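**Student:** let me see the structure of the following:
(2 chains)
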Protein chains: 2
Amino acid sequence: MSKVDLKMLSLQLGVSVSTVSKALRDSHEIGASTKAKVLKVAQELGYKPNPYASYMRHHKSKTIALIVPEINISYFLQVIEGAESIAREKDYHLLIYITHEDAEKEISIIKHLQNGRVDGIIMAISLHIDKYDYLKECISNDIPIVFFDRICNEIETVKITTDDTASAFIATEHLIQNGCKNIGYLSISSHLSIGIKRMDGYKDALNKYDIPFDESKVIHCVNQPDEDYNLIKALLSGSTKVDGIFSSVEKFALTTYRVCKELKIQIPEQLKVVCFSNILNADLFNPSLTTLSQPAFSVGSIAASALIKHLDKKRSTISNEHIVIKSQLIVRESTAVSNKD
Amino acid sequence: MSKVDLKMLSLQLGVSVSTVSKALRDSHEIGASTKAKVLKVAQELGYKPNPYASYMRHHKSKTIALIVPEINISYFLQVIEGAESIAREKDYHLLIYITHEDAEKEISIIKHLQNGRVDGIIMAISLHIDKYDYLKECISNDIPIVFFDRICNEIETVKITTDDTASAFIATEHLIQNGCKNIGYLSISSHLSIGIKRMDGYKDALNKYDIPFDESKVIHCVNQPDEDYNLIKALLSGSTKVDGIFSSVEKFALTTYRVCKELKIQIPEQLKVVCFSNILNADLFNPSLTTLSQPAFSVGSIAASALIKHLDKKRSTISNEHIVIKSQLIVRESTAVSNKD
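**Tutor:** Numbers count the residues shown, from 1 in each chain, chains lettered A, B, ... in the order given. A predicted model of the protein is given here:
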């Protein structure tokens, strides 16, 4: 069966395409009985309006894009689930793009999306970006952007993050209170907002307990699995004494577990580990992993709600607000006080 | 800055909209010097062709949908990554839909996608579906569907699965060879293709080693976390002796780990566990988990390649082939022969 379109309805009904079109749009130019006839035949033949034709009339695609650096990280997954739930509810379509932390890829996706394919964008910026012209251009082309997690402070829009500094403080203080005196910090980035704020919280906690900040205990991970493995291994097997690790993101904590397995370092007896993570199976790890968990599903749903609310209102500028959602420290075995302490 | 469209270019150039449009499409009706002028101004003003206008001309949206039952399962995640990589390469957009194993949601998504929003669909069918009229209708409306993992045998199209029966046989035989005599099977579904075939492989292995099949050792999970927990707990704490578990999917194996923690059952000493799973952190579990891993990234990329190849060729029917990709048994601690055996 070929697709039922306006032309087919017009042939079937013996009226013009324009009449069919106006009747379906409930135009005042068409009489009630004609409208009823058109609707009846349209329903019988299973006519479905073409979304792109509707776009051509209203200049709305009812589609939003969600751009994430990686998909294999529980936090981003849960953000996608949250955004998807709202998109479905509000009858929007959700396009997913993965940058794989590649700045060029990210810039090309953003340029690509400015041709009307989407009405708006939700995104977390990838690692190696420090100039934001391509984002400003996108917004000036009437495609609003809502940021989450890795935000751009230079741009006025809705931004959603956790309380990065306060959470990092809580995690570091937890290590100190459980006996750690030499805490290493695994940094994801020294220029990304989350990198800076989480490091601030780490420093604040050291400061409160009069522990001097020691640059040699900070590992600037480069986001290459093998290299990061070697960087963490060098820290844990070198001359610097380390009895605790606070990792700014999940994956470096998992790498720490693997390094400890190789070096036969006992967690938590010899090294305590805590990290930002939404991993669902942290309780099954050996040992179970203490995490700072973000309400990532809410981050996704709040981002999508804010964007769609703006799109549906057609206001000229999106509101400029920074929404902060608290993380929760979930204490498990990896930071436990052991008998040997 | 308002968006640059054909009209704006026409005003700027002092030629008709039709001339601009034809020049941009490299029509033979327009002279070389005019074309050059139009292209130059279009470039200077940052003109981007409207994808929906292009759709209206060619009836192609260059968009495909990927429908998965859940996103929080490593297998589906890796399929998404594989499909996304091909979509990007072939300049297609990828819409993601999650059914959450809800049959009504799945049917409504499929109906919704038939209005021209996408050119084709890649999907794994959700659990509680046993009538396929809505899929046949979709295909008859010229939206081809490629199935993976959970396929529909009644429909002639490209289907991609692993060698479910052979893999289930290998996993069950592995348990038997490591000393298990009473192996429980955790079933995802008794009517889904993967449910039937994986159960067949389990039975074949029992049969080869003259172990009688015992229905009381088969748990038909219902995909409700709490209920499944109780079903597995009843099996492991009841009168039926069980020394091994083969789980048809990842999540029931993780539930088994949690039940064992509560009941203080030692893995692998008292119970060996193996399951189909692509979980990336199986090596960090307590104990590390033996898995049947599928090349899920390849499943996604092969599915997207097959669909896009068909769409680009515009052949009337998609080829009917069943592509089988082998799984790999990765032996870890959860099935190890222990001193107590």
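
**Student:** in stretch A:181-201, what's buried?
**Tutor:** A:183-189, A:192-195, A:197-199, A:201 (16 or more other CB atoms under 10 Å in any protein chain shown). Any C-beta I mention is one placed from the backbone N, CA and C, and that applies to glycine too.

**Student:** and that stretch, how far out from the chain middle?
**Tutor:** 19 Å (CA atoms, centre = their mean, to the nearest Å).

**Student:** likewise stretch A:78-93?
**Tutor:** 13 Å.

**Student:** in contact with the residue in chain A that chain B sits nearest to, which residues?
**Tutor:** Nearest to chain B in chain A, going by CB to the nearest CB, is A:N286, at a distance of 3.3 Å. Counting by CB atoms under 8 Å, 6 or more residues apart in numbering or on different chains, A:N286 makes contact with A:Y257, B:L284, B:F285, B:N286, B:P287, B:S288.

**Student:** what about the buried residues of stretch A:181-201, which are in helices?
**Tutor:** With helices taken from DSSP state H, the overlap with these comprises A:S193, A:I194, A:G195, A:K197, A:R198, A:M199, A:G201.

**Student:** can I assume the second one is in contact with A:R150?
**Tutor:** Yes - because the distance of 5.8 Å satisfies CB atoms under 8 Å, A:I194 is recorded as touching A:R150.

**Student:** which of the buried residues of stretch A:181-201 come close to chain B?
**Tutor:** Contacts with chain B are made by none of the buried residues of stretch A:181-201, judged by CB under 8 Å from any CB of the partner chain.

**Student:** hmm, which helix or strand of chain A has the shakiest average pLDDT?
**Tutor:** Sorting the helices and strands of chain A by mean pLDDT, DSSP states H and E puts helix A:51-58 at the bottom, at a mean of 56.

**Student:** quick one, strands of chain A?
**Tutor:** A:63-68, A:93-98, A:120-123, A:145-148, A:158-162, A:183-187, A:218-220, A:244-247, A:272-276, A:290-293, A:321-325, A:328-330 (DSSP state E).

**Student:** pairing partners for the third one, with directions?
**Tutor:** It refers to strand A:120-123. Its sheet considered, strand A:120-123 pairs with strand A:63-68 (parallel), strand A:145-148 (parallel) by DSSP bridges.

**Student:** contacts for the shortest one, please.
**Tutor:** It stands for strand A:145-148. Under CB under 8 Å, 6+ apart, the answer for strand A:145-148 is A:79, A:120-125, A:135, A:138-139, A:155, A:157-161, A:299-300, A:303, A:306-307, A:318.

**Student:** next: stretch A:125-142.
**Tutor:** A:69, A:99-103, A:105-107, A:110-111, A:113-114, A:121, A:145, A:147, A:150-152, A:154-155, A:157, A:188-189, A:191-192, A:223, B:1-3.

**Student:** drop anything exposed from those residues.
**Tutor:** A:69, A:99, A:101-103, A:105-107, A:110, A:113-114, A:121, A:145, A:147, A:150-152, A:155, A:157, A:188-189, A:192, A:223, B:3.

**Student:** re the thing from before, turn the strands paired with strand A:120-123 into JSON lines, including mean pLDDT and distance to A:A42.
**Tutor:** What follows is the strands paired with strand A:120-123, written out as JSON lines (pLDDT from 0 to 100; distance: least, CB to CB, whole Å):
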{"stretch": "strand A:63-68", "mean pLDDT": "94", "distance to A:A42": "25"}
{"stretch": "strand A:145-148", "mean pLDDT": "97", "distance to A:A42": "37"}
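
**Student:** right, so of the ones you listed, which gets closest to A:L235?
**Tutor:** strand A:63-68 (28.6 Å; CB to CB).

**Student:** and that closest one, how far out from the chain middle?
**Tutor:** That offset, for strand A:63-68, works out to 10 Å (CA atoms, centre = their mean).

**Student:** between it and strand B:93-98, how many degrees?
**Tutor:** If you take axes from the mean of the first three to the mean of the last three CA atoms, to 10 degrees, strand A:63-68 sits at 90 degrees to strand B:93-98.

**Student:** not counting its own residues, what contacts strand A:63-68?
**Tutor:** So strand A:63-68 is contacted by A:76, A:79-80, A:83, A:87, A:92-99, A:106, A:109-110, A:113, A:117-124, A:300, A:304, A:307-308, A:311 (CB under 8 Å, 6+ apart).

**Student:** on that earlier part again, and the contacts of A:N286, which is closest to A:I279?
**Tutor:** When those are compared against A:I279 (criterion: CB to CB), the nearest one is B:L284, at 9.8 Å.

**Student:** now for the residue lying closest to A:D200 once chain neighbours are set aside: which residues touch it?
**Tutor:** Excluding the flanking residues, the one nearest A:D200 by CB to CB, 6 or more residues apart in numbering or on different chains is A:T165, at 4.8 Å. Contacts for A:T165 (CB under 8 Å, 6+ apart) come out as A:K197, A:R198, A:D200, A:G201, A:D204.
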